[in-house]
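[1] give the three-dimensional model of this entry:
(chains A, B and C)
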Amino acid sequence: MIFWQHELQLAARPRGFHLITDEIDEALRSAPSASVGLLHILIKHTSASLTLNENADPAVRRDFERYFQSLAPDTDRNAPYEHTYEGPDDLPAHFKASLLGSHLTLPVTDGRLNIGTWQGVYLGEHRTRASGRRLVLTFQSH
Amino acid sequence: MIFWQHELQLAARPRGFHLITDEIDEALRSAPSASVGLLHILIKHTSASLTLNENADPAVRRDFERYFQSLAPDTDRNAPYEHTYEGPDDLPAHFKASLLGSHLTLPVTDGRLNIGTWQGVYLGEHRTRASGRRLVLTFQSH
Amino acid sequence: MIFWQHELQLAARPRGFHLITDEIDEALRSAPSASVGLLHILIKHTSASLTLNENADPAVRRDFERYFQSLAPDTDRNAPYEHTYEGPDDLPAHFKASLLGSHLTLPVTDGRLNIGTWQGVYLGEHRTRASGRRLVLTFQSH
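    Alright, predicted model coming up:
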């Protein structure tokens, strides 16, 4: 039985949504090969997120940034919140992390991610100035 | 050890939220029986979603459609987005897919889904005209 | 191979977001020890949720309650919904359960949750008067 775990460091990226499927795929190539399995990915941060969405048109990722900025706007002095001392982008980053999610589980078939043709893994970077982000990948198979 | 995988084709459904617990249960009956396990379900699309919610009153599913239509309205010519050329329902369908999620992991006990009495599996169909949807089911057990 | 399952009863809590990492950690100590594994947690209810977020400042949890109350307000007689007969907090509780999610999968390394330094497990209690909540924990390892 295979139970492989790997920590993956992502380079710092600007605020917005970024396609990281290739980096996940490459890390998965280091795992033992298997006909059927599941890959679990956790992002170890509370101001960034992981989600699956459209992988073809970069405009969708820009529209995601616009939409989630409207759904959880940066806080100003009138915002009815307490935790505002880490900057206007911090608290909405926490909200977005929970709206979008911090982990993914993806099927693997014949050693490759078995996701839809149009699906890609998005990193949601919700801070205006962030360092790199750490992922924990856990791959299981029989 | 059991690592069973199965692709399930769902028939086309109208826009809205649909209870598909019975179809999941039936597919699970084809898996090897096990006292304890986990069932993972991925929907291989970026304009539909999977979530757990109330299984008894169909009005809740209609209210879900109303609520998510208000949270991510169909785009019109004034919408501040770029990816609008696939129709007014396309971009909000992507937003909803990420708000609601594309995959579920559910415990299985004595060969049956071990979810709450009032929990059911919802398919969120976010396109006005969609074809059927494909799921990948992966069942694991010892 | 380890496939351990445990039902955990949480005491009733007031409406809002509550850090339950310690209760999860303690339950995990009853599982067989393992160098690498995954812990799955399901909440068996449709008006409460599980999510990962900031574990240090209790103000973040209070801000979560404010934010999600604004995103899915309690219903009044003008609310455009059908399922309103269980009280003003019931239908938005269902919406929040699906926005935030009902299950988590977390990596375990050397017998401990391998999550970020600032990440904790939040219980979202979305009803004004709720009884305790039941979780199903499933721990897997090689």
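
[2] who touches the residue nearest to A:Pro73 when sequence neighbours are not counted in this structure?
    Once flanking residues are discounted, A:Pro73 sits nearest to A:Pro92: 6.4 Å by C-beta to C-beta, 6 or more residues apart in numbering or on different chains. For the C-beta atoms, the positions are set from N, CA and C on the backbone; glycine is no exception. A:Pro92 makes contact with A:Gln69, A:Ala72, A:Pro73, A:Asp74, A:Thr75, A:His126 under the criterion C-beta atoms under 8 Å, 6 or more residues apart in numbering or on different chains.

[3] report the buried members of those.
    Among the contacts of A:Pro92, those classed as buried by 16 or more other C-beta atoms under 10 Å in any protein chain shown are A:Gln69, A:Ala72, A:Thr75, A:His126.

[4] from these, which two are the most distant?
    A:Thr75 and A:His126 (12.7 Å; C-beta to C-beta).

[5] ok, the residue in chain A that chain C sits nearest to to A:Ser102 distance?
    Residue nearest to chain C within chain A: A:Lys44 (3.3 Å; C-beta to the nearest C-beta). Separation of A:Lys44 from A:Ser102 (C-beta to C-beta, to the nearest Å) stands at 8 Å.

[6] now do the shared contacts for the two.
    C:Gln119.

[7] give me the more crowded residue out of those two.
    A:Ser102 (26 against 20; other C-beta atoms under 10 Å in any protein chain shown).

[8] next, the contact list for that one, please.
    Contact analysis of A:Ser102 by C-beta under 8 Å, 6+ apart lists A:Leu42, A:Ile43, A:His45, A:Thr46, A:Ser49, A:Leu50, C:Thr51, C:Leu52, C:Gln119.

[9] C:Tyr122 versus that one, what's the distance?
    11 Å.

[10] spit out the residues that contact those two alike.
    Joint contacts of A:Ser102 and C:Tyr122 (C-beta under 8 Å, 6+ apart) are C:Thr51, C:Leu52.

[11] now name the helix or strand holding the residue nearest to A:Pro73.
    helix A:90-100 (DSSP states H and E).

[12] CA atoms only for that helix, dumped as CSV, please.
    Provided in CSV are the C-alpha atoms of helix A:90-100 (Å, rounded to 0.1, in the frame of the first residue of the first chain):
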residue,chain,number,x,y,z
ASP,A,90,-6.2,40.5,5.7
LEU,A,91,-9.7,39.8,7.1
PRO,A,92,-11.4,39.4,3.7
ALA,A,93,-8.5,37.0,2.8
HIS,A,94,-9.6,34.8,5.8
PHE,A,95,-13.3,34.9,4.6
LYS,A,96,-12.2,33.9,1.0
ALA,A,97,-10.1,31.1,2.4
SER,A,98,-13.2,29.6,4.0
LEU,A,99,-15.5,30.3,1.1
LEU,A,100,-13.2,28.7,-1.4
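
[13] and the angle from that helix to helix B:90-100?
    Helix A:90-100 runs at 90 degrees relative to helix B:90-100, counting by axes from the mean of the first three to the mean of the last three C-alpha atoms, to 10 degrees.

[14] quick one: average confidence on helix A:90-100?
    The average pLDDT within helix A:90-100 is 98.

[15] now do the helices in chain A.
    Assigned by DSSP state H, chain A shows helices spanning A:21-28, A:58-71, A:90-100.

[16] would you reformat the ones you listed as CSV and include distance to B:Gly16?
    Output for those, formatted as CSV (distance: least, C-beta to C-beta, whole Å):
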stretch, distance to B:Gly16
helix A:21-28, 30
helix A:58-71, 21
helix A:90-100, 21
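
[17] tell me the most buried of those?
    Sort these by mean neighbour count, taking mean count of other C-beta atoms under 10 Å in any protein chain shown, and helix A:90-100 sits at the top with a mean of 24.

[18] for burial, what's the neighbour tally of A:Phe139?
    Neighbour tally, A:Phe139, other C-beta under 10 Å: 22.

[19] is it in contact with A:Leu28, as I believe?
    Yes - taking contacts as C-beta atoms under 8 Å, A:Phe139 lies within contact range of A:Leu28: 6.7 Å.

[20] what is in contact with these two at once?
    A:Leu39, A:Val108.

[21] so what sits opposite the residue sitting nearest the centre point of chain A in the bridge?
    Nearest to the mean C-alpha position of chain A, by C-alpha atoms, centre = their mean, lies A:Leu50 at 2.2 Å. Per DSSP bridges, the residues bridged to A:Leu50 are A:Leu123.

[22] that one contacts A:Ile41, doesn't it?
    Yes - A:Leu50 lies in contact with A:Ile41 (C-beta under 8 Å); the separation is 6.1 Å.

[23] intersection of neighbour lists for these two?
    Common neighbours of A:Leu50 and A:Ile41 (C-beta under 8 Å, 6+ apart) are A:His103, A:Leu104, A:Val121, A:Leu135.

[24] could you measure from the third one over to chain B?
    Read it as A:Val121. 11 Å (C-beta to the nearest C-beta, to the nearest Å).

[25] tell me the confidence at A:Ser33?
    A:Ser33 is given a pLDDT of 86.
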